[in-house]
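> let's see this in three dimensions:
(one chain, ligands or ions: 2)
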Amino acid sequence: PVWLWGRNAEVMAGMQIERSCPRLPGATLAPALTCSSDINDLPAEGPVLLAVPMQTLRAVTTSFAAQLAHRTLVLCCKGIELSTGLRPSQVLAQTLPDARIAVLTGPSFAADIARGLPTALTLACADEGEAKRLQQQLIAPHLRLYRSTDVTGAELGGALKNVMAIACGAAIGAGLGDSARAALMTRGYAEMSRMAAALGARPETLAGLSGFGDLALTCTSEGSRNFRLGLAIGRGEPFDPAVTVEGAATARATHALAQAEGWDLPITAVVAGLVDARLDVKTAMAQLLARPLKEETP
Ligand SMILES: NC(=O)C1=CN([C@@H]2O[C@H](COP(=O)(O)OP(=O)(O)OC[C@H]3O[C@@H](n4cnc5c(N)ncnc54)[C@H](O)[C@@H]3O)[C@@H](O)[C@H]2O)C=CC1
Ligand SMILES: O=C(CO)COP(=O)(O)O
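Residues are numbered from 1 along each chain as shown. Ligands and ions are numbered 1, 2, ... in the order given. Predicted coordinates for the structure are as follows:
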């Protein structure tokens, strides 16, 4: 049995009766799923998956500290908190210090999972025993999970690939071509790896599903909201501000961290400029191409 909590009573009651979800058109909710807008309906035992946008994680976990403290919490959000520069697990360490924390991340569109399409993800938890338990609990016939103890690496891969997806969308939207996209993905991966290494992540985590895997998905598919925001920027079109696009705030947060720490993250810097409309794509491209020549190293 699985319980799904959401804050909107009308939407949750509708989902419970109609067995469908407005955000996943065409999907039928499994009989084992109960939808509720009362968080006290959650059973006392078992892991809780937190799937709210990154910039709301602190508010949600603070509001429901009584219900979430001391539990196993599986973070599904991908991003960095703009106001603090913290990763999701670092926010939880502040708001719910007694919780056991895991991270579920990697290349997966919710719509694909809902359709039962094959998907593989990273499940990261510092406690390997807990990771093994969660791995068994959360797999499904079409969903394969690989374990990792590198929470930092898993979180950074998931957060930073969204910034690169915006860059790639902008390049494609502006008609710069697939070769430009490949260059951005490759040098973007180098940038992700540099920053992750500086923050203590393991290189092999970045090379896995949570980093390289999700970068490949989000930089090449219009199923990605981050890629679509980039496309709109590149085409000079408006974009619906109500859509969750994690890479925008993450680009700002990461650029600020890079400036403070002296890290060289040129693609992140131009994406921060693009999302804040301080730069246009032509100027961004010119800035990247005019950088001093260097050896090809991460
Ligand atoms: N949609 C996808 O395919 C995937 C999403 N993610 C990550 O999951 C996180 C959430 O993304 P989505 O579910 O796609 O976003 P979404 O925008 O579709 O849904 C977010 C949900 O959170 C709720 N919410 C927002 N603020 C809240 C608050 N203060 N209290 C309670 N509920 C609140 C919204 O009402 C909405 O139902 C993001 O970090 C995203 O990167 C990760 C992998 C795949
Ligand atoms: O993280 C995702 C796929 O792995 C979802 O991507 P978007 O948030 O860009 O839609």
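
> now residue 117: how far from ligand 1?
In this view, residue 117 and ligand 1 are 12 Å apart by CB to the nearest ligand atom, to the nearest Å. Any C-beta I mention is one placed from the backbone N, CA and C, and that applies to glycine too.

> who touches that residue in this structure?
By CB atoms under 8 Å, 6 or more residues apart in numbering, the residues touching residue 117 are residue 142.

> from residue 31, how far off is it?
21 Å (CB to CB, to the nearest Å).

> so where is the stretch 51-200 of the chain shaky, pLDDT-wise?
Scanning the stretch 51-200 of the chain for pLDDT under 70 picks out nothing.

> where does it come near ligand 2, residue by residue?
Residues of the stretch 51-200 of the chain that fall close to ligand 2, judged by CB under 6 Å from any ligand atom: 78, 107-109, 162, 165.

> what is the mean pLDDT for the helix or strand hosting residue 13?
When secondary structure is defined by DSSP states H and E, residue 13 falls within helix 9-18. In this model, helix 9-18 has an average pLDDT of 98.

> any chance you could map the strands in this protein?
2-5, 33-36, 48-50, 72-75, 100-105, 119-125, 143-148 (DSSP state E).

> deepest of those strands, which one?
strand 100-105 (a mean of 25; mean count of other CB atoms under 10 Å).

> shouldn't residue 42 be in contact with residue 48?
Yes - assessed by CB atoms under 8 Å, residue 42 is found in contact with residue 48 at 6.7 Å.

> residues in the stretch 151-298 of the chain within reach of ligand 1, list them.
Going by CB under 6 Å from any ligand atom, the residues of the stretch 151-298 of the chain near ligand 1 are 244, 246.

> what's stretch 16-33 in contact with?
With CB under 8 Å, 6+ apart as the criterion, stretch 16-33 contacts 1-4, 11, 14-15, 34-36, 110-111, 114-115.

> need these in CSV (columns: distance to residue 92).
Shown next, in CSV, are the contacts of stretch 16-33 (distance: CB to CB, whole Å):
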residue, distance to residue 92
1, 25
2, 21
3, 20
4, 20
11, 26
14, 30
15, 27
34, 25
35, 24
36, 23
110, 22
111, 27
114, 26
115, 30
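
> nearest to residue 292 among the residues you listed?
Of all the contacts of stretch 16-33, residue 292 sits closest to residue 110, with 41.7 Å by CB to CB.

> identify the bridge partners of residue 3.
residue 34 (DSSP bridges).

> could you pull up phi and psi at the residue in the stretch 151-298 of the chain that ligand 1 sits nearest to?
Ranking the residues of the stretch 151-298 of the chain by distance to ligand 1 (CB to the nearest ligand atom) places residue 244 first, at 3.4 Å. The phi/psi pair for residue 244 (degrees, to the nearest 10) reads phi -70, psi 110.

> which residues sit in contact with it?
Going by CB under 8 Å, 6+ apart, the list of residues near residue 244 reads 53, 225.

> about what we covered before: filter the residues of the stretch 51-200 of the chain next to ligand 2 down to the ones in helices?
The members of those that map onto helices under DSSP state H are 162, 165.

> so which of the residues of the stretch 51-200 of the chain next to ligand 2 is the most crowded?
With neighbours defined as other CB atoms under 10 Å, the most crowded of those is residue 165; it has 31 neighbours.

> tell me how far the nearest residue to residue 14 once chain neighbours are set aside lies from residue 35.
Once flanking residues are discounted, residue 14 sits nearest to residue 22: 7.8 Å by CB to CB, 6 or more residues apart in numbering. As judged by CB to CB, residue 22 and residue 35 stand 12 Å apart.

> tell me how far residue 177 lies from residue 247.
For residue 177, the distance to residue 247 - CB to CB - is 21 Å.

> burial count for the residue nearest to residue 14?
By other CB under 10 Å, neighbour count at residue 22 equals 10.

> I figured residue 250 hits residue 79, correct?
Yes - Residue 250 is in contact with residue 79 according to CB under 8 Å; the separation is 4.7 Å.

> between the two, who's got more neighbours?
residue 250 (29 against 26).

> could you list the domains of the protein?
Domain segmentation of the chain under automatic domain parsing yields 2-151, 152-289.

> which one of those domains is the most hemmed in?
domain 152-289 (a mean of 21).

> just want the most central residue of the protein.
residue 78 (2.3 Å; CA atoms, centre = their mean).

> for it, which non-adjacent residue is closest in space?
residue 158 (3.8 Å).

> distance check, the nearest residue to residue 52 once chain neighbours are set aside against residue 26.
Among residues not flanking residue 52 along the chain, residue 60 sits closest, at 5.1 Å (CB to CB, 6+ apart). Taken as CB to CB, the spacing of residue 60 relative to residue 26 amounts to 28 Å.
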